[in-house]
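Q: could you work out the structure for the sequence below:
(chains A and B)
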Number of protein chains: 2
Amino acid sequence: MKLLDEVKFNSDGLVPAIAQDATTNEVLMMAWMNKESLRATIETSRATYWSRSRQKLWVKGEESGNFQEVQSVHLDCDADVVLLKVHQVGGAACHTGHRTCFYREIVNSGENFKESGDFLFDPKKVYNK
Amino acid sequence: MKLLDEVKFNSDGLVPAIAQDATTNEVLMMAWMNKESLRATIETSRATYWSRSRQKLWVKGEESGNFQEVQSVHLDCDADVVLLKVHQVGGAACHTGHRTCFYREIVNSGENFKESGDFLFDPKKVYNK
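A: As a prediction, this is how the structure comes out:
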């Protein structure tokens, strides 16, 4: 997997990874990858990130079942950002139950949020919290 | 602009900012913003980033003319990633002349790149380099 050596991981060994719905082109989320998680993503075609809070590999959906089946992996011109085009199992990427993590729009010159987008599951039921 | 206080800038005072074409939904690029650049983006409706290499505010397109007219600004669930939906003046966001910075797809199990996407200008002519 020689292209992994071209990726410019930051001083923490990470790159931002953007997940985009391959069908609708909605931006679903952004998380972080180290080299091991990028390799696993390419090998398994399941989006695998590095959880900075838990300091471990994180197969997206391992708890909720909402896996991301990777259709293609892209690298930007500077080789320091990854873009995944995915099929989002269950339809929702966000742990809040929204389809996308970017469900809050900043409106009114930065004074308020407007929520938008589909709300697809109740996180209390999915995560048993 | 009270929402600026809710954004979780990292230890360098920055958040990743993803620019997405508001019409086609293509992901064009990812760059970084500090609080001042996010405020300027909201105030002027022109995407304004923080250039880490030049350590200064960077109005996207100030040199090439390819400004990004901001249609909406979104914040993710963790308040540490910004998503801009933009009209990309000139059609091309990437300094290489491609429409999107993510014009390289990783293929063949990580062994090769496949280039795709539109190539819209010759950077030698635009940047006088």
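
Q: so where is chain A shaky, pLDDT-wise?
A: Of all residues in chain A, those with pLDDT under 70 make up the ranges A:128-129.

Q: interface residues of chain A facing chain B?
A: Proximity of chain A to chain B is confined to A:1-4, A:16, A:18, A:20, A:24-27, A:29-30, A:39, A:42-43, A:72-78, A:81, A:83, A:94-96, A:98, A:101-106, A:109-113 under the rule CB under 8 Å from any CB of the partner chain. No exception for glycine: its C-beta is placed from N, CA and C like everyone else's.

Q: repeat the analysis, applying 6 Å as the threshold.
A: Residues of chain A lying close to chain B by CB under 6 Å from any CB of the partner chain are A:1-3, A:16, A:18, A:20, A:25, A:27, A:30, A:42, A:72-77, A:81, A:83, A:94, A:96, A:101-102, A:104-106, A:110-111.

Q: output the contacting helices and strands for the lengthiest helix in chain A.
A: With residue count as the measure and DSSP state H as the assignment, chain A has helix A:35-44 as its longest helix. Judged by 3 or more CB pairs under 6 Å, 6 or more residues apart in numbering or on different chains; DSSP states H and E, the packing partners of helix A:35-44 are strand A:48-51.

Q: just the buried members of the residues of chain A next to chain B?
A: A:3, A:16, A:18, A:20, A:27, A:30, A:42, A:72-77, A:81, A:83, A:94, A:96, A:101-102, A:104-106, A:110 (16 or more other CB atoms under 10 Å in any protein chain shown).

Q: give me phi/psi at the residue lying closest to A:Gly97 once chain neighbours are set aside?
A: The shortest distance from A:Gly97 to any non-neighbouring residue, by CB to CB, 6 or more residues apart in numbering or on different chains, is to A:Phe121 (4.5 Å). Phi and psi for A:Phe121, reported as degrees, to the nearest 10, are phi -150, psi 160.

Q: how far away is A:Phe121 from A:Ser109?
A: 33 Å (CB to CB, to the nearest Å).
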